[in-house]
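In: next one to model:
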Amino acid sequence: MAAIVENSTTVPAAGGGVPAGEEPAFQVPWWLEGKMAESDLHARLAQLQVAYPSVASGILWRFLLARKGNVEKATTMFQEHLEWRTQMLPVTPQSCMGELQKKKLYFNGEDVDGNPVLYFCSSKQDPQSRNLDESMRMVIYTLEEKFQSMSHTDQITVFIDREGASKRNFDLELLKVIASSLSNNYPERMARTVVYPTGFVFRGIWAVVKMFLDPVTARKVHLCGSLDDVQRQINISNLPHRMGGDLPDEPASFPWEAQEEAPAEAPAEAPVEGAGTVAEAAAADIN
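Out: This is a model prediction of the structure:
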C-alpha cells in the first residue's frame, strides 16, 4: 500500500502539525479507563503507524479509539474512510450552495473547554424541500473547512439550536445519514452536543434518535431545557445575543461567500493504487 503523504516536513500538514519525530501525548479517554492500559493502547497505535507510516499519528489515534483499541477493526475502518474520501472529496461550495445560503450551519464561539461550537439552526431545516445529498455535502464542506485550521485531535461541540423550530423541521432521515457518516469518517471529533431548548416532545424524539448512535456518542449529548443548562456547557460570553450572550447571532462572514459567484469546478480525480485497491489520499488532508 502506498503511503499517504500529508506533508514532507510535518505530520499532519494542517493546523497543529507535529514536527516529524515528535509524538504528541495521547491520553486514554474516560470510557476506556480501567479497560485498557495506556501503554497497551499506545502499543496498538504503533502497529497502525507501521501500516501507515506517513499518516499523522493523531488521525490513527482517533480511529483506534473509535474501535475501542482493536487494531484490526481500526484498520478496516480507516480503509473504508479512505474509500469514502475518494468518493466524497473535495466538496466545492457550489455543489451545496443552496443549503449553505440558508445559513443554518456555522461555527460561532467556543464551549467551556475552548472547543469551537458548530451551530445547526433547526428552524431553517425543511425536510420537504431539502436535497439529502446536498445537505450532506453542506455538512462535510463546513467541517472540512474548519478542520483545516485545527490539529488532528482537536474536537468541536455541536449546538442544535431548536429555537423557533417545530416538528415539521425535524429531519430524522438526514440525522441518520449525518450520524453514520460522521461517526465513520470523523471519529472522536465531537466533544459534546448541546440541544436547546428541549421539552417533553423532543425528549421522546431523542429516545428514537439515540438508537442510531454509539452509546459513547449518546452520552455526550446534553438536552437543555433552559439557558442555565446551556451555560454549563457554553459560557454566556460565548453565546449569541438571542440567548443573552455577547456574540453576534451568526458570523460576520462565511467561508463560502467568497466563492459564491465562482463557477463550479469538477473535482480532481483521485489517483488509484492499481485495480480494485483503495484510492490514495495523497492530495487530500485527512481529518
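
In: now Gly164: how far from Val201?
Out: In this view, Gly164 and Val201 are 15 Å apart by Cβ to Cβ, to the nearest Å. (Glycine included, C-beta is placed from N, CA and C.)

In: now do Trp256
Out: In terms of Cβ to Cβ, Trp256 sits 33 Å off from Val201.

In: which one's more surrounded, the two?
Out: For Trp256 versus Val201, the count of surrounding residues by other Cβ atoms under 10 Å is larger for Trp256: 20 against 11.

In: which residues touch the residue nearest to the more buried one when sequence neighbours are not counted?
Out: Spatial nearest neighbour of Trp256, excluding adjacent residues (Cβ to Cβ, 6 or more residues apart in numbering): Pro93 at 3.8 Å. By Cβ atoms under 8 Å, 6 or more residues apart in numbering, the residues touching Pro93 are Leu100, Tyr141, Pro255, Trp256, Gln259, Glu260.

In: repeat that with 10 Å
Out: 99-101, 137-138, 141-142, 145, 254-260, 262, 264 (Cβ atoms under 10 Å, 6 or more residues apart in numbering).

In: quick check: it vs Arg232, distance?
Out: Counting by Cβ to Cβ, the gap from Pro93 to Arg232 is 35 Å.

In: ok, His241 next?
Out: Taking Cβ to Cβ, one finds His241 at 20 Å from Arg232.

In: and what of Leu247?
Out: 18 Å.

In: the two: which is more packed in?
Out: The neighbour count for Leu247 versus Arg232, taken as other Cβ under 10 Å, is higher for Leu247 (19 against 11).

In: hey, what's that one bridged with?
Out: Beta bridges link Leu247 to Pro240 when assigned by DSSP bridges.

In: hmm, it is touching Pro240, no?
Out: Yes - counting by Cβ atoms under 10 Å, Pro240 is a contact partner of Leu247 at 5.0 Å.

In: what residues are shared contacts of the two?
Out: Joint contacts of Leu247 and Pro240 (Cβ under 10 Å, 6+ apart) are Asn108, Gly109, Val117.

In: who's the last one bridged to?
Out: Partner residues in beta bridges with Val117: Thr157, with DSSP bridges as the criterion.

In: let the chain start at 349 from now.
Out: Yep, numbering from 349; the last one is Val465 now.

In: can I assume it is in contact with Asn586?
Out: Yes - counting by Cβ under 10 Å, Val465 touches Asn586, with 7.1 Å between them.
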